[in-house]
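Following is a predicted model, sequence given first.
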Amino acid sequence: MKTGFLTQWQTSYSIKEGYKWLQGESRNVPWSKWVWNRYNIPKHSVIAWMATLGKLITKAHLFGIGVVTEKMCLMCGLQEESIEHCFFQRKYSLQCYVKICRRLKLSATPMDHINSSWKKWSRKYACKRKKSTCLVVLAALVYQIWCARNCAYWEKRIPRPEVLVDNVMHSVCNRVRQLINSKWSQGEKDWLEELARIQ
Ligand SMILES: [Zn+2]
């Protein structure tokens, strides 16, 4: 039993307070709003979380620990495969990003780092539900790009950017439709359906 349990609750006890105490002190990280956005598809959150922490196993990482003998990108072969290169510098990823921005009717401003890019996206919308949906798209994009990279590694093929973007939008719209409740306005529902239709 955690130290302090017996002395902490001599007068009154509530499950909520007990739970908070058991969790202990934790550091607030700004990216949690994006990574653990409740609209996210859970497996996308896990990959987004690992990418944010720099824990995805790229070739640059494997090279650093002596597992592989070269660290160049699997998809373009032009630069070392770091997380930033994977998601924001590689031509393929940029093509996907530009297409996604077009679907969301956002201007494709340069994105340089995964830890700051989500902020730029979330500022684009005033509406809370549209903002959350937009962040689901970002997490899905990171997930699908990572899948495409793994496909290049294991199957020696890469989906066309159009196919990847279709997968992103299809998975996001299906996910968010499940979360619609009575608080959603008709305008928000129409916006989501339009997002699903745009090619
Ligand atoms: Zn590359």
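Yep, it's here. Numbering: from 1, shown residues only.

Isn't residue 167 up against residue 141?
No - in this structure residue 167 lies outside contact range of residue 141 using CB atoms under 8 Å: 9.8 Å. Bear in mind the C-beta positions are built from the backbone N, C-alpha and C, glycine included.

more crowded one of these two?
Using other CB atoms under 10 Å, the more surrounded residue of residue 167 and residue 141 is residue 141, with 26 against 17.

For the chain, which helix extends over the most residues?
Ordering each helix of the chain by length in residues (DSSP state H) puts helix 128-155 first.

Could I have the CA atoms of the helix or strand just after that one written out in CSV?
Downstream of helix 128-155, the next assigned helix or strand under DSSP states H and E is helix 161-177. Backbone C-alpha positions of helix 161-177 (Å, rounded to 0.1, in the frame of the first residue of the first chain) are rendered in CSV as follows:
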residue,chain,number,x,y,z
PRO,A,161,-0.6,10.0,-51.3
GLU,A,162,-4.2,10.2,-52.6
VAL,A,163,-4.9,6.7,-51.2
LEU,A,164,-3.3,7.6,-47.8
VAL,A,165,-5.4,10.8,-47.6
ASP,A,166,-8.6,8.9,-48.4
ASN,A,167,-7.8,6.5,-45.7
VAL,A,168,-7.2,9.3,-43.2
MET,A,169,-10.5,11.1,-44.0
HIS,A,170,-12.5,7.9,-44.1
SER,A,171,-11.3,6.7,-40.7
VAL,A,172,-11.7,10.1,-39.1
CYS,A,173,-15.2,10.7,-40.4
ASN,A,174,-16.3,7.3,-39.4
ARG,A,175,-14.9,7.8,-35.9
VAL,A,176,-16.3,11.3,-35.4
ARG,A,177,-19.8,10.2,-36.6
